[in-house]
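> I would like the atomic coordinates for the input below:
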Amino acid sequence: MTNHRLVTSGIWLLGLVVGLVVLAVVSFGIGRYLLDPLTVLRTLLGETGGVERTVVFEVRAPRILGALLVGAALSASGAAYQSVFRNPLVSPDILGVSAAAGFGASLALLLGLASAVLQVLAFGGGILAAVLSVLIGRVVGRGSTIVFVLGGVVVGAMFQALISVTQYLADPQNTLPEITFWLLGGLGRTTLDGLVVPAVIVAGCLGVLWTMRWPLTVLAVGDDEAHTLGVHRGLVWSLVIGSATLMTATVVSVAGIIGWVGLVVPHLARLVTGPAFAKLLPVAALLGAGYLLVVDDIARAATAVDLPLGILTALVGAPFFVVLLAKAGRAWR
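Next up is the predicted model:
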């Protein structure tokens with residue numbers, strides 16, 4: 001039985017990887033300048049140049065790689081949060097990370113700072129929100145999970161108010177539309193050089209989550225059982241929440257606020273793998289990468305205007321989440 005499950009899991013992972021590669025190749029050809037898959041492959045292999053090379057490597061490659069990175073990170077973070085809190089309604093922005101990162105970016109746009117500084121401020125804002133939420137949970141709630149979550153809600157509301165302040169002070173002709181568009185999420189600003197550091201951070205955080213796969217699965221059974229098996233709840237929580245939060249802040253600094261990915265995709269992955277985190281994490285990451293890539297393809301191809309990803313993920317995610325709840329809701333009772 002164990003060997004059968006391992007084979008089944010391996011087949012699923014292999015299928016997802018192959019499907020993701022095929023989807024990426026197809027995505028290189030989608031846009032206002034259409035390219036067939038054969039031309040895309042020839043361009044990637046360096047057999048063509050000119051316009052095709054410019055479109056593939058300079059225009060679409062950053063967006064495709066960015067979509068894969070952001071989707072995988074948000075989905076893996078959502079899976080980690082839902083597992084550690086044992087709550088299906090938890091998402092990566094529960095600690096106010098997205099709102100705080102949005103404030104950092106809004107402040108940078110308001111002050112006319114460079115794109116690199118924008119990413120730094122957005123990243124720093126996300127980390128600050130997580131620290132404040134943890135402090136509220138420990139000082140006010142003395143480690144209470146409920147107070148910890150409510151602290152994140154309070155911190156998120158505070159930074160949402162600060163975002164409103166930056167929008168109120170912004171130039172309505174130039175800066176305000178720029179802030180609004182960034183907050184809606186998108187990959188239009190993404191560059192290959194700008195993805196290197198975020199990719200390293202996300203890879204490191206995924207590695208930490210992978211090492212925590214067994215303790216997380218044990219904690220899902222119950223705190224008493226985990227204590228009996230020698231699992232240190234506080235250490236596991238710190239490493240998992242810290243890594244998931246760091247990933248979220250990183251990708252929000254790159255792509256803006258893109259909701260619903262970290263809430264919906266882990267549910268879909270759980271329908272495939274079950275609750276065991278060792279299986280859930282890689283499947284959730286691969287599904288999240290593919291999901292956001294499809295959404296970005298739609299954003300690029302649907303209209304002449306580059307639609308913000310946050311709008312599309314909400315339009316797709318909200319009804320899809322209702323369907324998932326109807327199918328999987330009993331498993332969470």
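> use CA for all of it now, contacts and neighbours both
Fine.
> buried set for stretch 48-60?
Glu52, Arg53, Val55, Val56, Val59, Arg60 (16 or more other C-alpha atoms under 10 Å).
> now render the residues you listed as TSV, adding pLDDT.
Converted to TSV, the buried residues of stretch 48-60 look like this (pLDDT from 0 to 100):
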residue	pLDDT
Glu52	88
Arg53	89
Val55	89
Val56	90
Val59	89
Arg60	93
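> with these in mind, which one is nearest to Ile258?
Arg60 (19.2 Å; C-alpha to C-alpha).
> tell me the contacts of the closest one?
Phe28 (C-alpha atoms under 8 Å, 6 or more residues apart in numbering).
> could you do Ile163 as well?
Ala99, Gly102, Phe103, Ser106, Leu107.
> cool, and Ala116?
Contact partners of Ala116, counting by C-alpha under 8 Å, 6+ apart, are absent.
> tell me the secondary structure at it.
helix (DSSP: H, G, I helix; E, B strand; the rest coil).
> and the next element down the chain from the longest helix along the chain?
Ranked by residue count, the top helix of the chain under DSSP state H comes out as helix 2-28. Downstream of helix 2-28, the first helix or strand assigned by DSSP states H and E is helix 37-44.
> and the helix or strand just after that following helix, what other elements does it pack with?
Using DSSP H and E, the helix or strand that follows helix 37-44 in sequence is helix 50-53. Helices and strands touching helix 50-53, by 3 or more C-alpha pairs under 8 Å, 6 or more residues apart in numbering; DSSP states H and E, are helix 37-44.
> re earlier: by neighbour count, which of the contacts of Ile163 wins?
Compared across the contacts of Ile163, Gly102 has the highest neighbour count, 33 neighbours, by other C-alpha atoms under 10 Å.
> so it touches Leu121, yeah?
No - using C-alpha atoms under 8 Å, Gly102 makes no contact with Leu121, being 9.1 Å away.
> which residues are common contacts for the two?
Shared contacts of Gly102 and Leu121, counting by C-alpha under 8 Å, 6+ apart, come down to Ser253.
> contacting residues for the residue nearest to Ala269 when sequence neighbours are not counted?
Leaving aside its chain neighbours, Ala269 sits nearest to Ala284 (5.1 Å; criterion: C-alpha to C-alpha, 6 or more residues apart in numbering). By C-alpha under 8 Å, 6+ apart, the residues touching Ala284 are Ala72, Ser75, Ala76, Ala79, Val265, Pro266, Leu268, Ala269, Arg270.
> residue nearest the middle of this structure, spatially speaking?
Nearest residue to the geometric centre of the chain (C-alpha atoms, centre = their mean): Leu74, 1.7 Å.
> follow-up on the earlier one: and which of the contacts of Ala284 is nearest Leu113?
For the contacts of Ala284, the nearest to Leu113 is Ala72 (28.6 Å; C-alpha to C-alpha).
> got the contact list for the closest one?
Contacts of Ala72 (C-alpha under 8 Å, 6+ apart): Ala284, Ala285, Leu286, Leu287, Gly288, Ala289.
> how about a cut-off of 7 Å?
Residues counted as contacts of Ala72 (C-alpha atoms under 7 Å, 6 or more residues apart in numbering) are Ala285, Leu286, Gly288, Ala289.
> take those residues and lay them out in a markdown table including neighbour count, pLDDT and secondary structure.
Compiled in a markdown table, the contacts of Ala72 are given as follows (neighbours: other C-alpha atoms under 10 Å; pLDDT from 0 to 100; DSSP: H, G, I helix; E, B strand; the rest coil):
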| residue | neighbour count | pLDDT | secondary structure |
| --- | --- | --- | --- |
| Ala285 | 28 | 96 | helix |
| Leu286 | 24 | 96 | helix |
| Gly288 | 30 | 96 | helix |
| Ala289 | 27 | 97 | helix |
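> can I get stretch 184-195 in CSV, CA atoms only?
What follows is stretch 184-195, C-alpha atoms only, in CSV (Å, rounded to 0.1, in the frame of the first residue of the first chain):
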residue,chain,number,x,y,z
LEU,A,184,-4.2,45.5,-7.9
GLY,A,185,-1.2,43.2,-8.7
GLY,A,186,0.6,42.5,-11.9
LEU,A,187,3.8,41.4,-13.5
GLY,A,188,4.3,44.3,-15.9
ARG,A,189,7.3,45.7,-14.0
THR,A,190,9.1,42.3,-13.6
THR,A,191,12.6,41.9,-15.0
LEU,A,192,14.9,38.9,-15.1
ASP,A,193,17.5,40.6,-12.9
GLY,A,194,14.8,41.6,-10.4
LEU,A,195,13.8,37.9,-10.0
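> which SSE is immediately downstream of the helix or strand bottoming out on mean pLDDT in the chain?
None of the helices or strands of the chain scores lower by mean pLDDT, DSSP states H and E than helix 223-228, at a mean of 66. If you walk from helix 223-228 toward the C-terminus, the next helix or strand you reach (DSSP H and E) is helix 233-255.
> so how far is that next one off the chain centroid?
11 Å (C-alpha atoms, centre = their mean, to the nearest Å).
> how near is Asn87 to Pro308?
Counting by C-alpha to C-alpha, to the nearest Å, the gap from Asn87 to Pro308 is 29 Å.
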